[in-house]
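Chemist: Sequence below, structure please.
(chains A and B)
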Protein chains: 2
Amino acid sequence: MKPEKVPFYAGMEAGGTKFVCMVASGPEDVRAQTSFSTTKPEETLGRALAFFMAHEPFGAMGIGTFGPCNLNPDSPAYGRLSTSIKPGWKEANMLEPFRQVFDVPMGIDTDVNVAALGEYTWRAGQGTEVLLYLTVGTGIGGGGIINGRMMHGLFHPEMGHIRVPRFEGDRFPGICPYHGDCLQGLASGPAMEARWGKKAADLPIDHPSWRMEAYYLASAVNNYICTLSPNRIILGGGVMNQKHLFPLIREEAKRLLNGYIQLPLIMKKIEEYIVPPGLGDRAGVLGAIALARQKAEGR
Amino acid sequence: MKPEKVPFYAGMEAGGTKFVCMVASGPEDVRAQTSFSTTKPEETLGRALAFFMAHEPFGAMGIGTFGPCNLNPDSPAYGRLSTSIKPGWKEANMLEPFRQVFDVPMGIDTDVNVAALGEYTWRAGQGTEVLLYLTVGTGIGGGGIINGRMMHGLFHPEMGHIRVPRFEGDRFPGICPYHGDCLQGLASGPAMEARWGKKAADLPIDHPSWRMEAYYLASAVNNYICTLSPNRIILGGGVMNQKHLFPLIREEAKRLLNGYIQLPLIMKKIEEYIVPPGLGDRAGVLGAIALARQKAEGR
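Modeler: As a prediction, this is how the structure comes out:
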């Protein structure tokens, strides 16, 4: 008997800092992978295109992109960024260059929705009714899966742009070009660097920045819990590679909720509720593989 | 030919201030309706029970309740309130008294999820992928319909308990017994009364309270938009009977979003985006009728 043919898919995570491209059938079966810095649109999308052309064939393609991005397949602007905060990328189309070359089903969604899909398909989000995935890095973004479907609605979630109360005494104006002191403006990686004069990764564990950062992220988590009632919250992204943030955020979230929601998962097992991605930093690109698989199956 | 038999359903809106009970097939076909103040659990649930016994038969029953309430049909505490803010109602079971008497399919959900279902079924929420219903009255609560299903997840949304930044110069400590200055603690009807010494309905239109109230509600709306990306936002409840709040909230929400989400519905037609309930103050009880209909149809 011949072994059954395993379908391979193309996945691309288009981030504001770097792109990750992969051809795989799933987390345990990766045919090829690469990553490179996000520079100009033509150059960066060109490198991705070259990678995928070198690793054909694949049955479908999935893309998770930074945003805001037009996700309406019926729109002429499908796949196009709008008010991007990343210089040079405003109105770049993240999908079109690939559609012109590859004749396979394609899907595009936000980087965070796609990362949520990866975790929902293979790791920490399995079996959840409402899954929230938050990334804290160059920007702050949130996405999710509700009843098996990625969150869309009018556009798509832009969870990094909520407002939360100030940490006591904090007067930093914030760096979001649209909102100043929204969550992203106060607590993203670049906000930490602008506030403290050092990259987050270079701040010592006992630096006061971490308690403030935990407060802001826990305030956001508290608001998302009250708004979405997620079964699980996954925190990923570069800033969350500082693992000491997890216990700080969990304790602060419990303090903010203050016993209002009397569930063992929150009251006693919050370390199983607020978790890092099970796929680590591959959640995004493997989510893109999961999206490709959905498209191949006509979903 | 005999006319086709119209199925009638029982619907109950259990609010912190009053209960509304109805037997109807829909908004245009109400067989009976009553309402009365929320006093003690036995008394209030007893009055509701007597009303429905006097208006049998009906094919199913739906209940929309204040909360937090256990909505898990597999739990022995199904239908029971937990940490209610309403004195005397902690651990009251809102469903059990009816289950003991009526042998029909029954459903229970939060008052706001059910009101959202009413609008989704018959009025302002029709055809939406993500519908948000916020009530501002004795408390502040939010519910919603996503892809045709009420929002649940780990428990159910408790949107009134999010935190937002303070209105400039506001030092009022807030009245939420769990969180002090969460949204409900700062902007519910009783919070307005505690802050200004007058009921909201008695504050003149040009009183500074309204600009502050609009700020807090718009801050919440801004956070919900960024988190949920709703296709429409319905604002109901006693405080929202002050119709002059709508233009104030819309303008303030636009100011807070500050052009980040470039959609005509937000930028140019926000009066079609943030709207009062099409069913008026019957959204809750008619939503309970819609929930009953779902249960009768086995959904």
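
Chemist: The one residue in the stretch 1-150 of chain A that gets nearest to chain B: neighbour count?
Modeler: Of all residues in the stretch 1-150 of chain A, the one sitting closest to chain B is residue A:130 (3.3 Å; CB to the nearest CB). For glycine as for every other residue, the C-beta is placed from the backbone atoms N, C-alpha and C. Around residue A:130 there are 22 other residues, counting by other CB atoms under 10 Å in any protein chain shown.

Chemist: Not counting sequence-adjacent ones, nearest residue to it?
Modeler: Across the structure, with CB to CB, 6 or more residues apart in numbering or on different chains as the measure, the residue nearest residue A:130 apart from its sequence neighbours is residue B:153 (3.3 Å).

Chemist: State the three-state secondary structure for that neighbour.
Modeler: Secondary structure state of residue B:153, per DSSP: H, G, I helix; E, B strand; the rest coil, is coil.

Chemist: Spit out the contact partners of it.
Modeler: Residues in contact with residue B:153, defined by CB atoms under 8 Å, 6 or more residues apart in numbering or on different chains, are A:128-130, A:146, A:228-231.

Chemist: looking at those residues, which has the most residues close by?
Modeler: When neighbours are counted by other CB under 10 Å, residue A:228 leads these with 28 neighbours.

Chemist: What segments of the stretch 101-250 of chain A are helices?
Modeler: Assigned by DSSP state H, counting those that start in this stretch, the helices in the stretch 101-250 of chain A fall at A:111-122, A:183-187, A:189-196, A:209-228, A:245-257.

Chemist: and the second one, average pLDDT?
Modeler: For helix A:183-187, mean pLDDT rounds to 98.

Chemist: outside of it, which residues touch it?
Modeler: Among residues not part of helix A:183-187, those counted as contacts by CB under 8 Å, 6+ apart are A:136, A:139-140, A:159-164, A:170, A:172, A:174-176, A:179, A:191, A:213, A:216-217, A:220, A:239.

Chemist: near chain B, which residues of the stretch 151-299 of chain A?
Modeler: Taking CB under 8 Å from any CB of the partner chain as the criterion, the neighbours of chain B within the stretch 151-299 of chain A are A:151-166, A:178-179, A:181, A:219, A:222-224, A:226-231, A:256, A:258-263, A:265.

Chemist: Whichever of those end up buried, select them in PyMOL.
Modeler: To isolate the buried members of those in PyMOL, using 16 or more other CB atoms under 10 Å in any protein chain shown:
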select buried, chain A and resi 151+152+153+154+155+156+157+158+159+160+161+162+163+164+166+178+179+181+219+222+223+224+226+227+228+229+230+231+256+260+261
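
Chemist: one step back: need the winner for burial among the helices of the stretch 101-250 of chain A.
Modeler: For the helices of the stretch 101-250 of chain A, ranked by mean neighbour count under the definition mean count of other CB atoms under 10 Å in any protein chain shown, the leader is helix A:111-122 at a mean of 29.

Chemist: now could you export just the CA positions of it as CSV?
Modeler: Taking C-alpha atoms only, helix A:111-122 is exported to CSV below (Å, rounded to 0.1, in the frame of the first residue of the first chain):
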residue,chain,number,x,y,z
ASP,A,111,-2.4,38.2,12.2
VAL,A,112,-4.1,37.8,15.6
ASN,A,113,-7.3,36.1,14.3
VAL,A,114,-5.0,33.7,12.4
ALA,A,115,-2.8,33.0,15.4
ALA,A,116,-6.0,32.3,17.4
LEU,A,117,-7.0,29.9,14.6
GLY,A,118,-3.6,28.1,15.0
GLU,A,119,-4.1,27.7,18.7
TYR,A,120,-7.7,26.7,18.2
THR,A,121,-6.8,24.1,15.7
TRP,A,122,-3.7,22.6,17.4
